[in-house]
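K.L.:
Need a 3D model of the following:
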Amino acid sequence: MPPGIDSELGQLGSGEAVAMAACLSGGGLPATTEASEYGDLVIFGNDEPYRVCTGSGLCETSGGTDSGDMSKEQWSELSSVFDAMATPYLDGADVPSDVLLVGTKDYTDLYRRCLNETGYEAPGPPGIDRDELEYKQGVAEASLEWADCARDNGIPDVKDPDPPVADGYRSVSAATVPYSISPDQLREVLTACPPLDLPGRRAQEAAMADPSASGDDFPEVYDPMIVYDFPGWNGAYMDATDVDPEVLAKLTQFQAVMDEVMDALLSGG
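P.N.:
Numbers count the residues shown, from 1 in each chain. Next up is the predicted model:
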């Protein structure tokens, strides 16, 4: 979204986009609309840096009129500032949703109110949902295969992953392991059922070693996704502020076991 747009409401745009721009402008943030190949965009009409995050959790950051002249260090500093400002809006999966920060001001309340009032959704390439589903399907299949292996190796209550959905990567299709198992049991099943797509990783490494290969030649890697059915788990994410310290301590043990097994696999052990 280019900065420096005139603050008067543009004449081009869908009804929702025009209404959204008008709502933002009425709330003190100049905005207009601009046509794109995917639909009509709402553009913030000032020269300041901004960050906007959609309901899918995807964020866009602009340096304002200085974008083209900013160094890597300046971009990093700007990103850190916006990260800190967005912290109150992180959900349990550490994903910001419907957030708008401009300069040093937080317009999130105005942005959310205008979204609710107008029904505006920022347009994007139609292939995004398809790409997300294709990736999640690969992970779901790997997780299902892992769940089958775990049941065959002493953990009969492992649950299969749910069907994947395109939601901006806010959900995962994961094999769910019962919280009641011990770290030693987890180590045994992870040893019998590797939590990594080793063939995919080897194929990717081989492709990357070919100097004539391009990004399109690199095969996807689909590691199984593994979660634990601990008290408070809602099937999508955990909120660490609501987890009992004893539960969190056991989950930390589980993660240490996972890291240990993965490090051994990646090092050839």
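K.L.:
what about Val172, which SS state?
P.N.:
Local secondary structure at Val172 is given as coil here, using DSSP: H, G, I helix; E, B strand; the rest coil.
K.L.:
And Gly268, by the same measure?
P.N.:
Under three-state DSSP, Gly268 falls in the coil class.
K.L.:
quick one: stretch 105-115 to chain centroid distance?
P.N.:
The chain centroid and the centroid of stretch 105-115 are separated by 21 Å under CA atoms, centre = their mean, to the nearest Å.
K.L.:
quick one: the strands in the stretch 51-200 of the chain?
P.N.:
If DSSP state E, counting those that start in this stretch is used as the criterion, the strands of the stretch 51-200 of the chain fall at 59-62, 99-102, 105-106, 175-178.
K.L.:
Paired strands for the shortest one, with orientation please.
P.N.:
Going back to what we said before, that points to strand 105-106. Here the strand partners of strand 105-106, with direction, are listed using DSSP bridges: strand 99-102 (antiparallel).
K.L.:
pLDDT of the strand it pairs with, averaged?
P.N.:
Per-residue pLDDT over strand 99-102 has a mean of 91.
K.L.:
May I have it as CSV, with CA atoms only?
P.N.:
In CSV, the C-alpha atoms belonging to strand 99-102 read as follows (Å, rounded to 0.1, in the frame of the first residue of the first chain):
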residue,chain,number,x,y,z
VAL,A,99,-4.7,-4.8,14.2
LEU,A,100,-3.8,-1.4,12.8
LEU,A,101,-0.8,0.7,14.0
VAL,A,102,0.2,3.9,12.4
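K.L.:
Would you indicate which residues of it are buried?
P.N.:
By neighbour count, and taking 16 or more other CB atoms under 10 Å as the criterion, the buried residues in strand 99-102 are Val99, Leu100, Leu101, Val102. Just so you know, the C-beta spots here come from the backbone N, C-alpha and C atoms, and that holds for glycine as well.
K.L.:
what's the answer for stretch 27-34, then?
P.N.:
By neighbour count, and taking 16+ other CB under 10 Å as the criterion, the buried residues in stretch 27-34 are Leu29, Pro30, Ala31, Thr32, Thr33, Glu34.
K.L.:
What residues sit buried inside the longest helix anywhere in the chain?
P.N.:
Identified as the longest helix of the chain according to DSSP state H is helix 127-152. Of the residues in helix 127-152, those scored as buried under the neighbour-count criterion (16+ other CB under 10 Å) are Glu132, Lys136, Gly138, Val139, Ala140, Ala142, Ser143, Trp146, Ala147, Cys149, Ala150, Arg151.
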